[in-house]
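>>> Mind folding the following:
(2 chains)
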Amino acid sequence: MEEKIRKAVAEALGRVGAPDISFTVERPSVALHGDYATNAALVAAKALGRKPHELADELARTLIDTLGKDIASHVGVAGPGFVNITLAREAVTLAVAEAAAQGPEWGKGVTESGKRVMVEYSNPNAFKEMHVGHLVGTIVGEALSRLIENEGALLARDTFGGDIGPNVAKALWGLRKKGISEPATANEIGIAYTEGSNAYETDPAAKEEIDALNQAIYAGTDTALMELWRKGRDISVEEFRRIWRLLGTHFDFEFFDSDTTEIGVRVVNDGLNKGIFEMSDGAVIYNGEKKAVHTMVFITSHDTPTYEAKDIGLAFLKEERWSSDESIVITGNEQTGRFKTVLAALADVAPLVARKTKHLSTGFLKLASGKMSSREGNVITAAGFIQEIIELSAEKNPDPLIAEQVAIGAIKYMILRQAPGSDIIFDTEKSLSLEGDSGPYLQYALVRAKKILAYASEGAGGTGEPDAPYAIERLILHFPAVVARAARELAPNLLTTYLTELASAWNTFYATEQVLGSSEELYKQRVASAFAHTMTNGLTLLGIPTPEKM
RNA sequence: GCCCCGAUGGUGAAACGGAUAUCACAACAGUCUUCGGAACUGUCGGUCCAGGUUCGAUUCCUGGUCGGGGCACCA
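Alright, predicted model coming up:
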């Protein structure tokens, strides 16, 4: 529909003597203004040096012609020179019927058609438990992946976990200290890590032992140590996969530090010979001053690679395994500065790879309720957090599957409702009190619609039609444009906001209009069906489950 | 100290240089149970400060205030 409008506006612009003007077609913020608004007259007036309002009048008159009576019932000029278009009822009805008929296909786009896109997210560290912060990246990454796929891209998901380096040495030190050679759970390893980490800060002797362990792991010659390392790593990874499954995510590639070390070191040393990197105090560094980024160490004076070198190695590894047209990396925003240096170095080493790489940062997740807030070292694990929300949800939902769907929906909604990058305050009570502005609110609206559709019988019911389209119908037809924009701008929050509005419009419709047994039953059933498909597809794109009942 | 990011009703968020700044939560006042009230209707209330660019600024620029993050051998 938006395409039709866009074409008509372009044609009308040509007729009033202003071809090739770039303009916007959007949904006005106030429904009263119509279904679409364009700033074409404002932009064209500037280019032609004419009065905006005068040109807008002319454009509006021409538009009635280029659109045709069956599409637009009214074209008006408002404000400084906006041209507002109100769709004819027939056009709205047609769009809604289309949504209902397309079902799962409704909202699929082609704006990224044929493009190969790789998205990296989640990035947990083995030997440490995933904490709540990882939830944000995982949830945002999955939603973005789905949105981009929905626009026709061929997409691969990858995650890059730490499994080697000082943090791993700390965990192994902790395990050895306790005489554990067969770690059983991720939690056990997590505790060992915390102990190792504390000892590293407070006990100089322990620090030395841990540093030595770190080098021993890189060397890989101590078979007993490597055996413990392998076991611990496997348990961590199993736990990651469990959480990913719970969150509806999977990865086509699970990369680890240990996969990228060799290639990273090789590339950095090669760059050192070319003068891209420099020696400083025995370490290989990238001097960021020339590009106004932080100077950072890539290979330490002990000859071990840092995360920066591994990141360079990863870029090459990705290229080798699954070459893409665009590579998106999602991390917490505390990594932004570090990533700028890595990208600056990568631009010198492999300009083409650097150019297609885009970094997106996510904000911190903070918990509003005091009892859950973490104090020094007392990190809230992702698994524990999810479990707590599921238990809360179970109070209202005896069915364990539904309790889980509602809990996951609540968590995801809280994260996806805001722009990636800004910090998130998660209020446990609020997200599960579930009145408006929450995941379960959306799920509940959908459940109500499904119920009506389940009761409705084929061919029965009145065939009347309302005089004017319902507000919900005028909202439904914008769905494809909203998902396309959310994908383009890497902003799932735009879709979340839209779905909340959609749910609210549906609940209003539900409260004021009787569907079953009404004289307009068939028409209203179609509205319910179009809404259900729009909400189902929208929630699915966000990765939010759609329960059958609640 | 230097660098980056942010600041929108009591709270959390929208607004690709445009309209009377949108939405939800909370608060207050109603609906009284219908195809399931995890609902609906109404009221209240806001762009950090000072300049600048523009016909027009929440948006762009400069300065300030406040908050968050980063600043080489951790990730």
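
>>> Please count neighbours and contacts with C-alpha atoms only from this point.
Will do.

>>> Residue A:119 contacts residue A:325, correct?
No: under the criterion of C-alpha atoms under 8 Å, residue A:119 makes no contact with residue A:325, lying 11.3 Å away.

>>> Who has more neighbours out of those two?
More neighbours surround residue A:119 than the other of residue A:119 and residue A:325, with 23 against 14 (other C-alpha atoms under 10 Å).

>>> Near RNA strand B, which residues of the stretch 151-300 of chain A are found?
Residues of the stretch 151-300 of chain A found near RNA strand B (C-alpha under 7 Å from any atom of the strand) are A:162, A:165-167, A:280-283, A:285, A:293-297, A:299-300.

>>> What's the end-to-end length of stretch A:343-359?
Its start and end residues considered, stretch A:343-359 measures 9 Å (C-alpha to C-alpha, to the nearest Å).

>>> Mind checking which of the residues of the stretch 151-300 of chain A next to RNA strand B are in strands?
Counting by DSSP state E, these place A:280, A:283, A:285, A:296, A:297, A:299 in strands.

>>> Need those residues in CSV (columns: pLDDT and neighbour count).
As requested, those are exported to CSV (pLDDT from 0 to 100; neighbours: other C-alpha atoms under 10 Å):
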residue, pLDDT, neighbour count
A:280, 91, 13
A:283, 94, 18
A:285, 94, 23
A:296, 93, 17
A:297, 95, 21
A:299, 95, 24
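
>>> just curious, which of the residues you listed is nearest to residue A:45?
residue A:296 (51.3 Å; C-alpha to C-alpha).

>>> So what sits opposite the closest one in the bridge?
Note on residue A:296: beta-bridge partners by DSSP bridges are residue A:286.

>>> Contacts only, for it.
The neighbourhood of residue A:296, defined by C-alpha atoms under 8 Å, 6 or more residues apart in numbering, consists of A:285, A:286, A:287, A:288, A:308, A:338, A:341.

>>> min pLDDT across these, which one?
Sorting the contacts of residue A:296 by pLDDT puts residue A:288 at the bottom of the list (88).

>>> The closest residue to that one other than its chain neighbours: what's it in contact with?
Closest residue to residue A:288 apart from its sequence neighbours, by C-alpha to C-alpha, 6 or more residues apart in numbering: residue A:295 at 4.4 Å. If you count contacts by C-alpha under 8 Å, 6+ apart, residue A:295 has them with A:285, A:286, A:287, A:288, A:289, A:341.

>>> Would you quantify the distance from the residue most central in space within chain A to residue A:360?
Taking C-alpha atoms, centre = their mean as the criterion, residue A:140 is the residue nearest the geometric centre of chain A, at 2.9 Å. Residue A:140 is 10 Å from residue A:360, where distance means C-alpha to C-alpha.

>>> mean confidence for the helix or strand where residue A:354 lies?
Using DSSP states H and E, residue A:354 falls within helix A:351-356. Averaging pLDDT along helix A:351-356 gives 92.

>>> about what we covered before: how much space is there between the residue nearest to the centre of chain A and RNA strand B?
Per C-alpha to the nearest atom of the strand, to the nearest Å, residue A:140 is found 13 Å from RNA strand B.

>>> Pull out the buried residues from the contacts of residue A:295.
A:285, A:286, A:287, A:288, A:341 (16 or more other C-alpha atoms under 10 Å).

>>> Pick the one among these closest to RNA strand B.
Of all the buried ones among the contacts of residue A:295, RNA strand B sits closest to residue A:285, with 5.3 Å by C-alpha to the nearest atom of the strand.

>>> can you tell me which residues contact the closest one?
By C-alpha under 8 Å, 6+ apart, the contact set of residue A:285 is A:277, A:278, A:279, A:295, A:296, A:297, A:298, A:299.

>>> Sort out which one of those residues lies nearest residue A:222 for me.
Once C-alpha to C-alpha is applied, the member of the contacts of residue A:285 that ends up nearest residue A:222 is residue A:299, at 22.6 Å.

>>> distance of the closest one from residue A:364?
29 Å.

>>> in chain A, which helix has the most residues?
The residue-count maximum for a helix in chain A (DSSP state H) belongs to helix A:223-246.

>>> pLDDT of that helix, averaged?
93.

>>> Go through it and flag the buried ones.
A:225-226, A:228-229, A:232-233, A:235-237, A:239-240, A:243-244.

>>> what do you get for stretch A:15-34?
Quick answer for stretch A:15-34 (16+ other C-alpha under 10 Å): A:18, A:23, A:25, A:26, A:27, A:33, A:34.

>>> Need these in a markdown table (columns: distance to residue A:175, pLDDT and secondary structure).
What follows is these, written out as a markdown table (distance: C-alpha to C-alpha, whole Å; pLDDT from 0 to 100; DSSP: H, G, I helix; E, B strand; the rest coil):
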| residue | distance to residue A:175 | pLDDT | secondary structure |
| --- | --- | --- | --- |
| A:18 | 73 | 76 | coil |
| A:23 | 63 | 82 | coil |
| A:25 | 61 | 85 | strand |
| A:26 | 59 | 83 | strand |
| A:27 | 59 | 83 | coil |
| A:33 | 66 | 79 | helix |
| A:34 | 66 | 83 | coil |
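
>>> related to what we said a few turns ago, list just the nearest of the contacts of residue A:296 to residue A:46.
residue A:341 (41.8 Å).

>>> Look up how far residue A:308 lies from the closest one.
Counting by C-alpha to C-alpha, the gap from residue A:341 to residue A:308 is 8 Å.

>>> got it, and residue A:316?
From residue A:316 over to residue A:308 the distance is 13 Å, taken as C-alpha to C-alpha.

>>> tell me which element residue A:392 falls in.
Using DSSP H and E, residue A:392 falls in helix A:382-394.

>>> helices or strands next to the helix or strand following that helix in the packing?
Counting by DSSP H and E, the element after helix A:382-394 in chain order, helix or strand, is helix A:400-416. Helix A:400-416 sits against helix A:132-150, helix A:382-394, strand A:424-426, helix A:428-433, helix A:439-455, helix A:492-512, with contacts defined as 3 or more C-alpha pairs under 8 Å, 6 or more residues apart in numbering; DSSP states H and E.
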